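Asks: missing the sequence, but the structure's below:
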């Protein structure tokens with residue numbers, strides 16, 4: 001934790017503004033009085049070469065894009081604790097905080113937010129960038145009601161090579177909003193962001209995400225194998241057309257989702273006149289995904305390996321004691 005008033009990379013730290021599994025963020029002020037966000041890698045990632053490469057990629061993405069919903073990346077500096085990414089500061093409240101205050105949101109507010117997000121995603125995707133960690137915590141809403149997408153820490157830049165961190169799996173993302181292909185460790189594409197967008201709209205309209213579990217693995221398993229309940233089962237006041245858009249967005253098979261943010265955006269803008277008779281909404285024939293049997297086999301193999309290791313340790317200890 002960096003103390004208030006400390007000067008780091010030429011900026012005066014004012015206060016912490018949140019942290020995640022990969023980074024710690026602070027509000028800071030430059031010599032010219034301008035406010036910025038300073039982003040540092042989490043303690044366990046300091047010294048990992050891939051972390052610096054990820055920061056460089058985030059800088060490249062932030063400098064490449066010019067959209068009001070996407071903060072600019074200004075520079076990357078070195079501090080005593082590793083790389084420090086300097087970002088445009090956005091004054092606002094997270095969508096998570098808004099949902100905690102009043103959930104579900106009104107249809108008008110949730111559709112306004114989702115339209116803005118879809119417009120921003122369409123821009124991102126047109127420039128070869130997939131966010132891959134879209135969630136309410138990474139969406140800020142300013143005093144004018146404008147949304148801003150933040151934290152491009154695991155964003156994918158088209159043409160860039162794959163980068164993985166030490167001690168982290170390839171299944172990057174947040175379990176409640178992870179597309180099945182992310183759970184499987186695949187890189188994902190624009191349709192991965194659309195899945196997360198559909199999950200966010202589901203939550204804004206109903207007040208909850210469709211999948212719940214005692215731990216992250218349980219939730220990830222449901223993304224692979226369970227058909228989400230229709231939003232109108234618990235909230236019949238939801239427009240059937242909006243429900244159809246949501247359920248198309250969160251199909252497990254990427255080929256059955258919206259294939260672009262522009263297509264999603266067009267349906268959101270014109271949802272009242274949609275013919276939803278052909279929209280996919282029922283249970284899916286899941287193919288190419290992990291089955292329950294495969295999960296149990298994997299769990300059994302892991303348990304067997306653990307027992308074998310423990311037995312080996314005991315045998316070695318007995319042999320050493322016998323000497």
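Replies: Good, I have the coordinates. Computed from a prediction, not measured in an experiment: that's the story for all the values here.
Asks: show me the shaky parts of the protein.
Replies: Along the chain, the parts satisfying pLDDT under 70 run over 19-21, 43-49, 81, 159-173, 285-313, 316-323.
Asks: helices of that one, start to end?
Replies: For the chain, the helices identified by DSSP state H occupy 49-64, 95-101, 107-126, 180-183, 190-206, 216-225, 231-234, 240-249, 261-269, 292-322, in order along the chain.
Asks: relative to helix 261-269, how tilted is the fifth one?
Replies: If I follow you right, that is helix 190-206. 20 degrees (axes from the mean of the first three to the mean of the last three C-alpha atoms, to 10 degrees).
Asks: helix 190-206 to helix 240-249, inter-axis angle?
Replies: Computed by the same axes, to 10 degrees, the angle separating helix 190-206 from helix 240-249 equals 140 degrees.
Asks: just to revisit the earlier point, looking at the helices of the chain, which is closest to residue 5?
Replies: Among those, the nearest to residue 5 by C-beta to C-beta is helix 49-64 (24.5 Å). (C-beta placed from N, C-alpha, C; glycine too.)
Asks: the closest one packs against which elements?
Replies: Packing partners of helix 49-64 (3 or more C-beta pairs under 8 Å, 6 or more residues apart in numbering; DSSP states H and E): strand 35-41, strand 73-79, strand 82-88, strand 156-157.
Asks: make CSV out of the ones you listed and add mean neighbour count and distance to residue 18.
Replies: CSV is the format used below for these (neighbours: other C-beta atoms under 10 Å; distance: least, C-beta to C-beta, whole Å):
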stretch, mean neighbour count, distance to residue 18
strand 35-41, 22, 10
strand 73-79, 16, 17
strand 82-88, 21, 13
strand 156-157, 20, 23
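Asks: turn the ones you listed into TSV, columns for distance to residue 214.
Replies: As requested, the helices and strands packed on helix 49-64 are exported to TSV (distance: least, C-beta to C-beta, whole Å):
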stretch	distance to residue 214
strand 35-41	29
strand 73-79	37
strand 82-88	34
strand 156-157	30
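Asks: so which of the helices of the chain is nearest residue 148?
Replies: Proximity of these to residue 148 was assessed by C-beta to C-beta; the nearest stretch is helix 107-126, lying at 8.3 Å.
Asks: give me the residues contacting that closest one.
Replies: With C-beta atoms under 8 Å, 6 or more residues apart in numbering as the contact definition, helix 107-126 has outside contacts at 65, 67, 69-70, 95, 104-105, 130-131, 134, 139, 141, 145-147, 149, 190, 193-194, 197, 200-201, 204-205, 238-239, 242, 260-262, 264-265, 268-269, 271.
Asks: for PyMOL, what selects the buried ones among those?
Replies: Here is the PyMOL selection string for the buried members of these, based on 16 or more other C-beta atoms under 10 Å:
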select buried, resi 65+69+70+95+104+105+130+131+134+139+141+147+149+190+193+194+197+200+201+204+205+238+239+242+260+261+262+264+265+268+271
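Asks: follow-up on the earlier one: for the helices and strands packed on helix 49-64, which one sits closest to residue 56?
Replies: Set against residue 56 and scored by C-beta to C-beta, these come closest in strand 73-79, at 6.5 Å.
Asks: residue 177 versus residue 153, what's the distance?
Replies: Summarising the geometry, the distance separating residue 153 from residue 177, computed by C-beta to C-beta, to the nearest Å, is 15 Å.
Asks: give me the more crowded residue out of the two.
Replies: When residue 153 and residue 177 are compared for neighbours, residue 177 comes out ahead with 29 against 22, by other C-beta atoms under 10 Å.
Asks: in CSV: the helices of the chain, plus distance to residue 33.
Replies: As requested, the helices of the chain are arranged in CSV below (distance: least, C-beta to C-beta, whole Å):
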stretch, distance to residue 33
helix 49-64, 22
helix 95-101, 27
helix 107-126, 28
helix 180-183, 41
helix 190-206, 35
helix 216-225, 42
helix 231-234, 46
helix 240-249, 43
helix 261-269, 37
helix 292-322, 55
